[in-house]
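Asker: Based on what follows, work out the 3D shape:
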Amino acid sequence: MASISVLEPTEDYQHGVRADQRPDRVPVPIVVGSAPSTNADLYPLLRRRLLLLAMIIAIALLVSFVLISVLPPVVEHSDQIALRWRAILNLTVAAACAAVLWVRPPSTVGGLRAIEGFLFGVPAILAASASVDSMNYGPLFLAKDLPLPLTRIHVDRYVLATSLLWFIILTSYGALIPNSWRRSLLVCGIAAASPVIVFATFAYWVQPIPAGMANEVLAGLVFYNALAVAIVVFASSRMEVFRRQAVEARRLGQYVLRERIGGGGMGEVYRAEHLLLRRPCALKVIRPERAGDPANLRRFEREVQTTATLTHPNTVQVYDYGRAQDGTFYYVMEYLAGRTLEALVAQEGPLAPRRAVHLLRQVCGALQEAHRLDLIHRDVKPGNVMVAERGGIPDFVKLLDFGLVLPPLDVSDPERLSRDGVSAGTPAYMSPEQIDGTGMLDGRSDVYAVGALGYFLLTGSPPFAGLSGAKTLAAHLYEKPLPPSSRRAGIPAALDAVILRCLEKERSDRYPDCGSLAAALESLSDDAALAPSVRT
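Answerer: The predicted model follows:
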């Protein structure tokens with residue numbers, strides 16, 4: 001089955017794999033030190049850095065423009081109009097780059113590199129032209145118009161001002177923009193050579209100054225710019241190594257972890273990609289703080305083995321599982337694109353009865369298979385049901401999170417994972433017997449949860465909303481829920497009856513299994529059954 005991608009994962013988003021898709025294999029070790037950084041890793045980092053740099057440049061230039069306009073010139077003969085125009089042009093380029101990166105960024109690394117060229121190329125060109133102004137109006141060339149002798153102070157000022165400007169440009173580039181050391185050497189080398197070439201051209205040919213003085217300035221520029229390039233290239237080489245190590249550290253077996261997309265009580269879930277197949281998937285690893293407990297490891301392993309036995313199309317699929325060399329247990333599931341029912345109702349409001357029935361029937365189908373294998377989900381809720389489009393079919397349900405799934409239990413069963421093993425779940429959707437921990441848990445507990453889920457879909461809230469956790473649990477035990485139609489007009493009486501039967505306190509009064517519940521929902525599919533009830 002083709003995999004799909006997740007748009008809106010929930011806090012406890014989990015996924016799952018078919019047993020026939022899982023090859024028998026030895027645990028796969030974490031591999032470090034062999035995989036280079038890819039464009040998929042570089043793109044988000046480069047975009048973030050360019051956006052940050054564009055915003056910094058824009059703010060700095062705005063402040064500079066204000067200072068240039070208000071304060072008197074530092075150099076008496078400097079061209080203030082040229083300075084203002086340079087600031088405006090640079091500010092415009094930086095603001096435009098920031099807007100593009102924020103609103104409509106290029107889809108490729110090459111496009112980002114083009115923005116990088118504008119973002120650094122324009123300041124470099126303007127810095128070079130500013131050095132020309134310094135020679136036309138600055139202390140080195142005052143002797144041309146004024147009877148001032150050139151001194152060591154003049155030379156030092158020019159070298160310091162020009163070198164500082166280019167040092168800021170070069171080191172900013174090296175610190176913020178991810179590059180290989182070769183690319184840094186090429187780009188920064190060309191940039192660093194430009195003020196040297198500009199000075200040599202003017203000082204030796206355009207407006208000659210004494211050779212000794214020109215040689216001193218040239219030597220100073222070469223030294224400081226070469227130092228800046230050396231620092232940038234060294235930093236880039238180290239950053240490249242660190243970035244590659246960070247990418248490789250995110251490898252687990254044959255999978256590269258791209259980003260965290262959710263987590264539950266037991267594990268963290270990451271969007272991942274198979275190195276060879278390039279197939280997007282979701283990879284779940286046990287939480288580090290849980291890894292030291294053998295009981296937690298057994299529970300986590302049971303979760304993946306249980307989910308792998310389920311093949312219903314409305315149950316999330318498991319692709320693979322294994323252990324890393326450090327003992328990290330993980331499994332790999334399909335990567336779903338869509339919304340949870342919780343997000344769907346939050347965005348669209350309560351659902352139309354026909355749509356709610358359609359979704360609930362699919363949930364019943366997934367649970368029916370699990371119950372045939374004597375497995376109880378125990379945590380059916382809106383956040384654990386995702387709705388996506390599959391093969392052009394809209395509103396296709398996937399049941400998630402089998403982390404609490406268990407075989408039928410009695411309170412005396414030693415395998416029930418301690419006291420919270422029986423009562424674990426989400427208070428708003430837990431059955432009475434799941435709360436009090438007495439008697440045998442069976443598929444009718446999931447039937448109760450499906451009824452509470454249907455109540456949420458139809459009204460926008462669970463049966464007992466607005467109560468504290470303890471009061472919610474007590475309400476499930478002792479209070480009779482109001483009919484959904486009393487909370488929202490337009491819900492058919494027949495659908496009211498189905499939901500309320502699921503929510504009966506006594507298990508014997510509910511539907512005996514999810515198959516019976518699905519049949520009851522199917523009987524409501526005709527227009528007459530789903531006609532709104534008339535309240536008097």
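
Asker: isn't residue 220 right next to residue 161, touching?
Answerer: No. Using C-beta atoms under 8 Å, residue 220 makes no contact with residue 161, being 11.0 Å away. C-beta coordinates here come from the backbone N, C-alpha and C atoms, glycine included.

Asker: In stretch 373-388, which residues are buried?
Answerer: 375-388 (16 or more other C-beta atoms under 10 Å).

Asker: which of the residues you listed lies closest to residue 84?
Answerer: Checking those against residue 84 by C-beta to C-beta gives residue 388 as the nearest, at 55.3 Å.

Asker: Extract the residue ranges of the stretch 301-450 of the chain that are flagged as low pLDDT.
Answerer: By pLDDT under 70, the low-scoring segments of the stretch 301-450 of the chain are 303, 325-327, 402-424, 438-439.

Asker: try 50
Answerer: For the stretch 301-450 of the chain, applying pLDDT under 50 flags the ranges 404, 409-423.

Asker: for the chain, same thing?
Answerer: Ranges of the chain meeting pLDDT under 50: 1-38, 74-78, 137-148, 404, 409-423, 534-536.

Asker: all strands of it, in order?
Answerer: 251-252, 255-263, 267-274, 280-286, 318-323, 329-333, 338-340, 385-390, 393-399 (DSSP state E).

Asker: Quickly run through the sheet partners of the fourth one, with directions.
Answerer: Yep, that's strand 280-286 we're talking about. strand 267-274 (antiparallel), strand 329-333 (antiparallel) (DSSP bridges).

Asker: and the angle from it to strand 318-323?
Answerer: For strand 280-286 against strand 318-323, the angle by axes from the mean of the first three to the mean of the last three C-alpha atoms, to 10 degrees is 40 degrees.

Asker: now strand 280-286, how far from the chain's geometric center?
Answerer: How far strand 280-286 lies from its chain's middle: 14 Å, per C-alpha atoms, centre = their mean, to the nearest Å.

Asker: could you give the angle of it to strand 255-263?
Answerer: Going by the same axes, to 10 degrees, strand 280-286 makes 70 degrees with strand 255-263.

Asker: And the helices in the stretch 101-250 of the chain?
Answerer: Assigned helices in the stretch 101-250 of the chain, in chain order: 109-137, 142-145, 152-176, 181-201, 211-249 (criterion: DSSP state H, counting those that start in this stretch).

Asker: Can you spell out which helices and strands pack onto the third one?
Answerer: Applying 3 or more C-beta pairs under 8 Å, 6 or more residues apart in numbering; DSSP states H and E, we find helix 152-176 packed against helix 39-70, helix 109-137, helix 181-201, helix 211-249.

Asker: And residue 311, its phi and psi?
Answerer: Per-residue torsions, residue 311: phi -120, psi 0 (degrees, to the nearest 10).

Asker: ok, now how distant is it from residue 386?
Answerer: 18 Å (C-beta to C-beta, to the nearest Å).

Asker: now swap in residue 187 and tell me
Answerer: When residue 187 is compared with residue 386 (using C-beta to C-beta), they lie 45 Å apart.

Asker: And stretch 336-356, end to end?
Answerer: End-to-end distance for stretch 336-356, by C-alpha to C-alpha, to the nearest Å: 20 Å.

Asker: how many other residues sit next to residue 163?
Answerer: Residues lying near residue 163 (other C-beta atoms under 10 Å) number 20.

Asker: Residue 487 now?
Answerer: 17.

Asker: Contacts only, for it.
Answerer: Taking C-beta atoms under 8 Å, 6 or more residues apart in numbering, we find residue 487 in contact with 458-459, 461.

Asker: Ok, residue 465 next?
Answerer: Residue 465 neighbours (C-beta under 8 Å, 6+ apart): residue 428.

Asker: And it, how close does it get to residue 339?
Answerer: Distance of residue 465 to residue 339, computed by C-beta to C-beta: 21 Å.

Asker: Equivalent analysis for residue 64, please.
Answerer: For residue 64, the distance to residue 339 equals 47 Å [C-beta to C-beta].

Asker: More neighbours: which of these two?
Answerer: residue 339 (21 against 16).

Asker: Test my guess that that one contacts residue 347.
Answerer: Yes. Look at residue 339 against residue 347 with C-beta under 8 Å: they come within range, at 7.3 Å.

Asker: just to revisit the earlier point, for the helices and strands packed on helix 152-176, please prepare JSON lines with the additional fields distance to residue 454.
Answerer: Below are those laid out as JSON lines (distance: least, C-beta to C-beta, whole Å):
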{"stretch": "helix 39-70", "distance to residue 454": "40"}
{"stretch": "helix 109-137", "distance to residue 454": "48"}
{"stretch": "helix 181-201", "distance to residue 454": "58"}
{"stretch": "helix 211-249", "distance to residue 454": "45"}
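
Asker: got the domain boundaries for the chain?
Answerer: Here the domain parsing of the chain from automatic domain parsing is 19-30+253-333, 39-236, 339-522.

Asker: Serialize the ones you listed to CSV and add fields for distance to residue 242.
Answerer: Shown next, in CSV, are the domains of the chain (distance: least, C-beta to C-beta, whole Å):
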stretch, distance to residue 242
domain 19-30+253-333, 17
domain 39-236, 10
domain 339-522, 35
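
Asker: Name the nearest residue to residue 368, sequence neighbours excluded.
Answerer: residue 514 (4.4 Å; C-beta to C-beta, 6 or more residues apart in numbering).

Asker: do you know how far residue 493 is from residue 484?
Answerer: In terms of C-beta to C-beta, residue 493 sits 10 Å off from residue 484.

Asker: Name the residue in these two with the higher neighbour count.
Answerer: A direct count of neighbours by other C-beta under 10 Å for residue 493 and residue 484 places residue 484 higher, at 26 against 14.

Asker: can I assume residue 433 is in contact with residue 446?
Answerer: No. Between residue 433 and residue 446 there is no contact, the gap being 11.5 Å when judged by C-beta under 8 Å.

Asker: Looking at the two, which one has more neighbours?
Answerer: When residue 433 and residue 446 are compared for neighbours, residue 446 comes out ahead with 31 against 22, by other C-beta under 10 Å.

Asker: OK, contacts around the more buried one?
Answerer: 367, 370-371, 376-378, 380, 514.

Asker: hmm, try it at 7 Å
Answerer: Under the criterion of C-beta atoms under 7 Å, 6 or more residues apart in numbering, the neighbours of residue 446 are 367, 376-377, 380, 514.
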